[in-house]
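Peer 1: Predicted model, plus sequence, below.
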Amino acid sequence: QVQLVESGGGLVQAGGSLRLSCAASGRTFSSLTMGGWFRQAPGKEREFVAAIRWSGGSTYYGDSVKGRFTISTDNAKNTMSLQMNSLKPEDTAVYYCAASPYSLGDYINPTVWTYWGQGTQVTVSS
């Protein structure tokens, strides 16, 4: 069993930056195949933000965050991070990290991911 715990959320002004981290226990991130970040705003569906393949390091981003957010991993610390720059009010949401032992083709679909964190709130004020 894998437990994921997010940290780093908070309140930031538009144009600012935040860095989210996701720590794994029960299994190392490097033993999994993919990691990802999703977000969910009130009244909206869970939205794909970013994903990374541990083998090779290929990264993928949602259109709304491309060029502003960066996903990365730190095998030594067994963590995955999401650096968020140039934040906008529409980025306000609960952010969730996710992981999968499988190579996901449909990674933008939240239902295919196996493990989830509890979420961390990000609020961007205008």
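Peer 2: That came in fine, so what should we check first?

Peer 1: which residues of this protein fall in strands?
Peer 2: 3-7, 10-13, 18-25, 34-40, 47-53, 59-61, 69-74, 79-84, 93-100, 115-116, 120-125 (DSSP state E).

Peer 1: nearest to residue 107, of the ones you listed?
Peer 2: Distance to residue 107, taken as Cβ to Cβ, is lowest for strand 47-53 among those, at 4.6 Å. No exception for glycine: its C-beta is placed from N, CA and C like everyone else's.

Peer 1: elements contacting the closest one?
Peer 2: Judged by 3 or more Cβ pairs under 8 Å, 6 or more residues apart in numbering; DSSP states H and E, strand 47-53 is in contact with strand 34-40, strand 59-61, strand 69-74, strand 79-84.

Peer 1: how about a cut-off of 6 Å?
Peer 2: In terms of contacts (3 or more Cβ pairs under 6 Å, 6 or more residues apart in numbering; DSSP states H and E), strand 47-53 is packed against strand 34-40, strand 59-61, strand 69-74.

Peer 1: so what pLDDT did the residue nearest the centre of the chain get?
Peer 2: Nearest residue to the geometric centre of the chain (Cα atoms, centre = their mean): residue 37, 2.1 Å. As predicted, residue 37 sits at a pLDDT of 98.

Peer 1: thought it was touching residue 52?
Peer 2: No. Judged on Cβ atoms under 6 Å, residue 37 makes no contact with residue 52 at a distance of 9.2 Å.
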